[in-house]
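> Test case, fold it:
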Amino acid sequence: MTLAALLLSVTTSLAGPQVIKRIIFKGNHALTADELRKAMILKEGSEYDTFLLEKDIDNILELYDEKGFPDAKIVEQKLIPKDGLVECEFLINEGERIKIGDIQILGNEAVLTKEIANSLGFSEGDAYDPGRVSVGEYRIESLYADRGYMYADAKSRAIRENRVVNVTFAIEEGPQVRIGDIRVVGNAHTRTMIIEREIIAKSGEAYDPRKIYRSQERLYATNLFRDVDFDILGAEDSAEVVDIVFRVTELSPRWISFAGGYQSPDRILANIRVGHDNLFNNGQKLSISTFFSYSLEEEHEEQIGLDYVEPYFMNTPFKLMLRIFHSRETRVSYSQWETGANMKIGRYITHNVGFFVQYQYKTAFIDTLEGSVEGITNSILFHVSRDTRDDLFNPMRGTYTSLGLETAGGILGGDNQFARSLLDVSAFVNPLNRFVLGARIRFGELSPAGVSEQRGVSLNERFELGGGASVRGYDEASIGPLDARKKRSGYVMTNLNTELRFPAYKKLWLGLFIDSGGVWMDRNEIELSDLKLTYGVGLRYSLPMGPLRIDYARRLTDVSPGDYGRLYLAIGHIF
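Numbering: from 1, shown residues only. This is a model prediction of the structure:
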């Protein structure tokens, strides 16, 4: 029976308008059912139409032909009417997929043939897909553009011979384009030289679009500009020398921010920051930050800090950061204050790898039920990090790795002598472009040395775990050995967080998480059975400075009657 006869016989058996209930494909292996349905005009839930169904059969076979299956056939088709609905079932014989034969590259002089071939994304013997060949043209042109050949043009030609397709790329390289003048317009307050030092493209060198976009990113990162755009003058006339004009729109350099939070059962948190991001129009930053934490039990904590940042110390690529701070904490079983200052200097080695060195002086006073102690800590910290996250505040993919090595005492003096290391690794993946799966692991160790081997390291220098920033479901500093403050702290710490985030409605996201961690006095004491484990669910509402986060967490370890979990309200993800 011919296709037309089949359609006619089915149509005459249908009484009145019919609605398509399901579209089913069998025998398809290379293409998914979703891909095939997208090629059709008729959809599940639409009214059955004989003419459109015949057109859809042509569309399916055309899609197979484009994907390298020229012999694909629909060998059987069933239209099953039932209670005013129709099920359409297609049995497909895909046939053999044709493959790519010879790949020829013609017209290239500035770029090696091997390098072009490696950039294509396919090679001889791969399954033929016209879409991949078209992408190959774009990749060749991008490869040339990165070397200054911004007018390079690549054209492909595919010739089929039996079961293979031979592909030829003909390239017109054009001239290598160089950069003439680089200008900045739109800055009313920020000095031009402050902007120019963020532009890594230079006059006279070959045009490289990666440097232009990287310069744009660096200008945004200064937090001085609302918008940063650029024009390439001369490109429309295929000029061999082009001028680059960066157009900036400045932000107000003065700012103030407020953030609040809540941790059940009764702790209120608040953070206020005031700053200026462009002192004397030179790009230096100055800010004052305060933090307050209060509970109904009259326990409270206050912190204040003054920060200064010089982005180009003595006109070098090194960033200088100065901080003066004071904190005070009052609890039922102890009171503690710290005052100090630190100085950091560092720079980025590559686009995403940076390091800094910090010197810190800190004095602390701790008063407990067992007595009081006062001490000074002098330390030097070496820190290196690598950050490939796609968004600092709300990452969807990428990784962050940091390692800090700190030494205190010895020739630096002070009452504490120790070595401390802290490793922090987090990773994010984005399967199906909807779900974000993130994981973070932290491991820290504090090793007493010299005089601290006998009397111990000061309580305020030890690791603490628990609360909304580490192990949700446990109170702050409630994991590990008990110390003289009636808090829990130690010399060795590990913390693991995993979280699955997915959109619920517009800017509202849901999060499911599992947290765990442990604190010990010595690495030899580490036992997996000591790890604390919690689980929970949360809401995240997307904001420019990071999501507004509400988390509810319950314990899986140390479960006690009457413990109904902990609730947290904060700005920003836990990691």
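
> gap between stretch 458-474 and the chain center?
How far stretch 458-474 lies from its chain's middle: 25 Å, per Cα atoms, centre = their mean, to the nearest Å.

> Between the two ends of it, how far is it?
Using Cα to Cα, to the nearest Å, one end of stretch 458-474 lies 24 Å from the other.

> again, but for stretch 248-262
One end of stretch 248-262 sits 39 Å from the other (Cα to Cα).

> what does stretch 184-202 give?
End-to-end span of stretch 184-202 (Cα to Cα): 13 Å.

> and the residue nearest to Q360 when sequence neighbours are not counted, bridged to which residues?
Once flanking residues are discounted, Q360 sits nearest to N342: 3.8 Å by Cβ to Cβ, 6 or more residues apart in numbering. Where you see a C-beta, it was placed from the backbone N, CA and C, and this is true even at glycine. The bridge-partner assignment for N342, based on DSSP bridges, gives R323, Q360.

> list the helices and strands the one helix or strand A259 maps to packs on?
Element membership of A259 [criterion: DSSP states H and E] is strand 254-263. Here strand 254-263 touches strand 267-279, strand 566-571, going by 3 or more Cβ pairs under 8 Å, 6 or more residues apart in numbering; DSSP states H and E.

> Could you give me the buried positions within that strand?
Going by neighbour count (16 or more other Cβ atoms under 10 Å), the buried part of strand 254-263 is A259, G261, Q263.

> now do stretch 261-277
Residues G261, Q263, R267, L269, N271, R273, G275, D277 are the ones in stretch 261-277 that count as buried (16+ other Cβ under 10 Å).

> for stretch 292-308, same thing?
For stretch 292-308, the buried set under the neighbour-count rule, 16+ other Cβ under 10 Å, comprises S293, E301, Q303, G305, D307.

> what's around T407, how many residues?
The number of residues packed near T407 is 19, by other Cβ atoms under 10 Å.

> which residues touch it?
S379, I380, F418, A419, R420 (Cβ atoms under 8 Å, 6 or more residues apart in numbering).

> Let me know the next secondary structure element after whichever strand or helix holds the second one.
Right, the one you point to is I380. Take DSSP H and E as the rule and I380 turns out to sit in strand 371-387. Counting by DSSP H and E, the next helix or strand C-terminal to strand 371-387 is strand 398-408.

> In this structure, where is pLDDT below threshold?
For the chain, applying pLDDT under 70 flags the ranges 1-17.

> so where do the helices sit in it?
Remark: helices assigned in the chain by DSSP state H are 3-12, 33-38, 50-66, 113-119, 130-145, 192-196, 209-221, 452-455.

> nearest to L320, of those?
With respect to L320, and counting by Cβ to Cβ, the nearest of the helices of the chain is helix 192-196 at 15.5 Å.

> on that earlier part again, pick the one among the buried residues of strand 254-263 closest to V457.
Distances from V457 to those, taken by Cβ to Cβ, are shortest for Q263, at 27.3 Å.

> Tell me the bridge partners for the closest one.
The bridge-partner assignment for Q263, based on DSSP bridges, gives R267, Y568.

> quick one: contacts for it?
By Cβ under 8 Å, 6+ apart, Q263 lies in contact with L269, G467, G468, E476, R566, L567, Y568, L569.

> The residues you listed into JSON lines, with extra columns for distance to E205?
Listed next are the contacts of Q263 as JSON lines, based on distance: Cβ to Cβ, whole Å:
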{"residue": "L269", "distance to E205": "50"}
{"residue": "G467", "distance to E205": "51"}
{"residue": "G468", "distance to E205": "49"}
{"residue": "E476", "distance to E205": "53"}
{"residue": "R566", "distance to E205": "56"}
{"residue": "L567", "distance to E205": "56"}
{"residue": "Y568", "distance to E205": "51"}
{"residue": "L569", "distance to E205": "51"}
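
> List the contacts of S333.
By Cβ under 8 Å, 6+ apart, the contact list for S333 reads T368, L369, R485, K486, K487.

> Check the gap between it and A477 for me.
Between S333 and A477 the computed distance is 11 Å (Cβ to Cβ, to the nearest Å).

> cool, and R347?
Taking Cβ to Cβ as the measure, R347 and A477 are separated by 35 Å.

> ok, now K99?
From K99 across to A477, the span is 63 Å (Cβ to Cβ).

> returning to that earlier point: got the angle between the strand holding A259 and strand 566-571?
Between strand 254-263 and strand 566-571, the angle comes out at 170 degrees (axes from the mean of the first three to the mean of the last three Cα atoms, to 10 degrees).

> burial count for Y568?
Residues contacting Y568 under the criterion other Cβ under 10 Å number 23.

> residues contacting it?
Applying Cβ under 8 Å, 6+ apart, the residues near Y568 are G261, Y262, Q263, S264, G468, R472, R549, I550, D551, Y552, A553.

> I'd like the contacts of S333 laid out as a markdown table, including neighbour count and distance to Q358.
Formatted as a markdown table, the contacts of S333 follow (neighbours: other Cβ atoms under 10 Å; distance: Cβ to Cβ, whole Å):
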| residue | neighbour count | distance to Q358 |
| --- | --- | --- |
| T368 | 18 | 29 |
| L369 | 10 | 34 |
| R485 | 21 | 26 |
| K486 | 14 | 31 |
| K487 | 22 | 26 |
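
> And the furthest pair within those?
Farthest apart among these by Cβ to Cβ are L369 and K487. That separation is 12.1 Å.

> any chance of the helices and strands packed on strand 254-263 in TSV, with distance to G413 too?
TSV is the format used below for the helices and strands packed on strand 254-263 (distance: least, Cβ to Cβ, whole Å):
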stretch	distance to G413
strand 267-279	33
strand 566-571	38
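
> Tell me which of the ones you listed approaches T557 most closely.
T557 sits nearest to strand 566-571 of all the helices and strands packed on strand 254-263, at 14.0 Å, using Cβ to Cβ.

> among the contacts of S333, which are in strands?
Here DSSP state E is the test, and those give T368 as lying in strands.

> and which of the contacts of S333 is nearest to I200?
Nearest to I200 among these is K487, at 48.0 Å by Cβ to Cβ.

> Quick check, that closest one in contact with A477.
Yes - with contact defined as Cβ atoms under 8 Å, K487 reaches A477; the gap is 4.2 Å.

> which neighbours do the two share?
Common neighbours of K487 and A477, counting by Cβ under 8 Å, 6+ apart, are E464.

> tell me the contacts of P431?
Contacts of P431 (Cβ under 8 Å, 6+ apart): L437.

> Pop the domain breakdown of the chain in here.
3-93, 99-172, 178-250, 254-571 (automatic domain parsing).

> if we can go back for a sec, what touches both of S333 and A477?
Overlap of the contact sets of S333 and A477 (by Cβ under 8 Å, 6+ apart) consists of K487.

> about what we covered before: chain center to the strand holding A259: distance?
Using Cα atoms, centre = their mean, the distance from the centre of strand 254-263 to the centre of the chain it belongs to is 23 Å.

> tilt between that strand and strand 267-279?
Using the same axes, to 10 degrees: strand 254-263 against strand 267-279 is 160 degrees.

> dump the residue contacts of W520.
Neighbouring residues of W520 by Cβ under 8 Å, 6+ apart: G480, P481, G490, Y491, V492, M493, I526, D530.

> Cheers, nothing more for now.
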